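Engineer: Kindly return the folded structure for what I paste below:
(chains A and B)
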Amino acid sequence: MSTLAVAEPEVVAGPSKTGLHRRLVLRGLAIAVVAAVAGLAVPYVVPDRYTMGLLLDGVILALLALGIGFLARHLGLISLGHTAFFGGAAYALAIATQQWGWGPLPAALFGLAVGTGLAVLMGLLVVRASGMGFLMLTLALGQALYQFCVQTVARPWTGAYDGLQVHVEPGQAVFGMPMDDVMNAALFWPVVWIALVAAAVVLWLLGRARFGIVLEGIRENEERMRFSGFGTFRPRLAAFVVSGAVAALGGVLFALNAAYVSPDVLGFLKAGDSLIAAIVGGLGSLAGPVVGALAYVWAQAEFNSSGNLQLYTGVALVVVLVFLPGGITGVFGKLRRRFWRRGGK
Amino acid sequence: MNFAQLLNGIAFGSLLMILSSGLAMIYGLRGVTNFSHGALYMAGAYLAYSVSANFSFWLALVVAPAVLAVLGAVLELVFFRRLQHRSHIEVGLVTFGVAMVLERVIVLIWGERTLAVAPPAGLGGTTSVFGVDYPSYRLLIIGFAVVLAVGLTWWLRASRLGLHIRAASRDGQTAQILGINADRVSLVVVCLGAALAGLAGALAAPYVSVDPGMGVAILINVLIVVVIGGAGSIAGAMTAGMALGVVQTLGAVWLPSVAVLVPYAALVAVLLWRPAGLFGRQA
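Structural biologist: Coordinates of the predicted model:
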């Protein structure tokens, strides 16, 4: 029946919304500014440290999910390897601070560069594949990095299963904050929130621009795009690297906030978590993965005490895929459209 | 002793072979990558633990596949058949969720601790193979895999149902036009694939440790085997399973630090060279 080389039609892809004009861009930027400013109020509204920590974890997971969602929405590719960029960036930051004595800011930039570099390398190998082949290749390469990091050979650099401390000399600051403040969710929140909004804006603009139109063409019918004279390899690679860079940004912020990196950030389970968060939230829209990640972190905290988190997550994944293919945001979108239609009549 | 290590590789390869042929059958017919295959294997091992503790291990080799065949029927009827118009990736991700649920249910029933299953009476010792004393039970696994491989291949080649399965795997629509009942064929195949996973789990129970992580651990290996072998090719899955089992086991002895990377490297290399896998039909 179907073999790996055959592109499979994707239902996960959203409705086509492309094309940039000035009014649209201004409206989008206005929404982004409002979102950024409104988000800054969160630490004042949320009183307790615990909830604040959860929200911060949610936003960091959202960056990873956002990257995965971008690839799924525009190219119909589902990646299980984005933890390589998330975790790779986190590890690079930790190694730079702990073993080379770098300051936190250069180390963060280094982490971002390493994560993005890994995305280029993996992208070169995988972007030609599609469907299940793509899923398997990204899974395999992500796992390969994980396995490498926990090996005894890698212990001097990665600490193997013990993980790695992010070590910063007292007095060194990042984003104008000493390290203790970076580890405080309420104080670090503005940095992470603005990073999320900025990443969302960049992805939105790219998706709406000519680049996004080309990607959509490739998603719908790659052969036709090639016959129409478009090189399809470079746009695919570029999309992969962009989505990997967003994941790497999440990894850098994670490592700064946690001040500790363990192999978990590279593992299969983390890849599964972020993919499930993106699917449950909805791959059809930009907000979907963010909503999904926040819901996921909340659910994790709520259900973890009973030990049945995995059970509920599995049920949620099955129910969403079977009954609500658009995810949580898909349901809202459908309700909104229904409401508008009724209102219009 | 190197010969014993080679036999160890063949024993592990035998397990991968049984598991991969089941997964490849389901993939070939339904186009679905069944991420719950590892959980089905795990269920087989836990069932073997309970049945062999209360009755006999030999009974477990019957009960585990039978129960898993029923689970396979549920998978087919509840998910695969209802979702066949959806993209294969989505259905694959549904089985990802099924795996999470199934693994948790198993832990709720049997608990988190690692369980040990004793080999059946008379097979706890060693047998001399070409002058090497080797655990008898592992020879049983190898024997089982050989019988299964031959039997399955023969059944697919010689029986009417086997013909229908091969036809439906190659081109479901044409097969249906020619009067093959595709629903019945895929029910048989998914049940059989799940039963093979259960059998592999039961066979593995005295050989590996039975613990909650065993499903995920083997799943990645099996997925790699099926993709390397060529999606849907049962012969490819068997060959690749045996090869990977041997290479991985020998590699763990000779180059322990590199061995874990071997499957991933093999997967990437094969897919770059032949995107449809070794035995896959090139699209």
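Engineer: Look up how far B:Ser36 lies from the residue nearest the centre of chain A.
Structural biologist: Among the residues of chain A, A:Leu64 comes closest to the average C-alpha position under C-alpha atoms, centre = their mean, at 1.9 Å. Noted for A:Leu64: a distance of 24 Å to B:Ser36, by C-beta to C-beta, to the nearest Å. No exception for glycine: its C-beta is placed from N, CA and C like everyone else's.
Engineer: Assign a three-state SS to the residue nearest to the centre of chain A, would you?
Structural biologist: Using DSSP: H, G, I helix; E, B strand; the rest coil as the criterion, the local structure at A:Leu64 reads helix.
Engineer: close enough to count as contact, it and A:Gly81?
Structural biologist: No - counting by C-beta atoms under 8 Å, A:Leu64 does not reach A:Gly81; the two are 11.5 Å apart.
Engineer: Apart from its neighbours in sequence, what residue is nearest the closest residue to chain B within the stretch 101-250 of chain A?
Structural biologist: For the stretch 101-250 of chain A, the nearest residue to chain B under the criterion C-beta to the nearest C-beta is A:Ala144, separated by 3.8 Å. Once its chain neighbours are removed from consideration, A:Ala144 has its nearest residue in B:Tyr264; the separation is 3.8 Å (C-beta to C-beta, 6 or more residues apart in numbering or on different chains).
Engineer: So which residues of chain B form strands?
Structural biologist: For chain B, strands defined by DSSP state E occupy the ranges B:126-129, B:132-135.
Engineer: Could you dump the ones you listed into JSON lines with mean neighbour count, mean pLDDT and distance to chain A added?
Structural biologist: As requested, those are arranged in JSON lines below (neighbours: other C-beta atoms under 10 Å in any protein chain shown; pLDDT from 0 to 100; distance: least, C-beta to the nearest C-beta, whole Å):
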{"stretch": "strand B:126-129", "mean neighbour count": "12", "mean pLDDT": "83", "distance to chain A": "31"}
{"stretch": "strand B:132-135", "mean neighbour count": "16", "mean pLDDT": "85", "distance to chain A": "28"}
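Engineer: In this structure A:Ala209 contacts A:Leu20, no?
Structural biologist: Yes - A:Ala209 lies in contact with A:Leu20 (C-beta under 8 Å); the separation is 5.4 Å.
Engineer: Wait, A:Gln99 touches A:Trp157, no?
Structural biologist: Yes - the pair A:Gln99 / A:Trp157 is scored as a contact, 7.2 Å apart, by C-beta under 8 Å.
Engineer: Point out where chain A drops to low pLDDT.
Structural biologist: Residue ranges of chain A with pLDDT under 70: A:1-19, A:305-306, A:342-345.
Engineer: For it, which segments count as strands?
Structural biologist: Using DSSP E, strands in chain A cover A:164-165, A:173-174, A:177-178, A:260-261.
Engineer: Look up how far B:Leu152 lies from B:Ser233.
Structural biologist: If you measure B:Ser233 against B:Leu152 using C-beta to C-beta, the figure is 13 Å.
Engineer: ah, wrong one, I meant B:Gly230
Structural biologist: Looking at B:Gly230 against B:Leu152, where the rule is C-beta to C-beta, the gap reads 16 Å.
Engineer: Name the residue in these two with the higher neighbour count.
Structural biologist: B:Gly230 (27 against 20; other C-beta atoms under 10 Å in any protein chain shown).
Engineer: Not counting sequence-adjacent ones, nearest residue to B:Val189?
Structural biologist: Counting by C-beta to C-beta, 6+ apart, B:Val189 lies nearest to B:Leu29, which is 4.6 Å off, once chain neighbours are set aside.
Engineer: wait, what's in contact with that neighbour?
Structural biologist: If you count contacts by C-beta atoms under 8 Å, 6 or more residues apart in numbering or on different chains, B:Leu29 has them with A:Met1, B:Ile165, B:Ala168, B:Ser169, B:Gly172, B:Val185, B:Ser186, B:Val189, B:Val190, B:Gly232.
Engineer: give the contact list for the third one.
Structural biologist: Neighbour list for B:Ala168: B:Leu29, B:Ala175, B:Gln176, B:Ile180, B:Ala182, B:Val185, B:Ser186 [criterion: C-beta under 8 Å, 6+ apart].
Engineer: With A:Leu93 instead?
Structural biologist: Remark: with contacts taken as C-beta under 8 Å, 6+ apart, A:Leu93 is in contact with A:Ala107, A:Ala108, A:Phe110, A:Gly111, A:Val166, A:Gly251, A:Val252, A:Ala255, A:Leu256, A:Val261.
Engineer: does the third one really touch A:Pro104, like I thought?
Structural biologist: No - in this structure, A:Phe110 is not within contact of A:Pro104 by C-beta under 8 Å, at 10.4 Å.
Engineer: the more surrounded of the two?
Structural biologist: More neighbours sit around A:Pro104 than around the other of A:Phe110 and A:Pro104, counting by other C-beta under 10 Å; the figures are 26 against 19.
Engineer: List the residues that contact the residue nearest to A:Leu124 when sequence neighbours are not counted.
Structural biologist: What sits nearest to A:Leu124 in space, not counting adjacent residues and going by C-beta to C-beta, 6+ apart, is A:Leu237, at 6.8 Å. Contact analysis of A:Leu237 by C-beta under 8 Å, 6+ apart lists A:Val120, A:Gly123, A:Leu124, A:Val127.
Engineer: A:Phe188 - how many residues pack around it?
Structural biologist: Each residue near A:Phe188 was counted by other C-beta under 10 Å, and the total is 22.
Engineer: again with the one 4 residues further on
Structural biologist: A:Val192 is flanked by 25 other residues according to other C-beta under 10 Å.
Engineer: now the one 5 residues further on
Structural biologist: Burial of A:Val197 is recorded as 21 neighbouring residues (other C-beta under 10 Å).
Engineer: How about A:Ala140?
Structural biologist: For A:Ala140, the count of nearby residues is 25 (other C-beta under 10 Å).
Engineer: got the contact list for it?
Structural biologist: Residues in contact with A:Ala140 (C-beta under 8 Å, 6+ apart) are A:Gly81, B:Ile224, B:Pro263, B:Tyr264, B:Leu267, B:Val268.
Engineer: The same query, at a cut-off of 6 Å, please.
Structural biologist: Taking C-beta atoms under 6 Å, 6 or more residues apart in numbering or on different chains as the criterion, A:Ala140 is in contact with B:Tyr264, B:Leu267.
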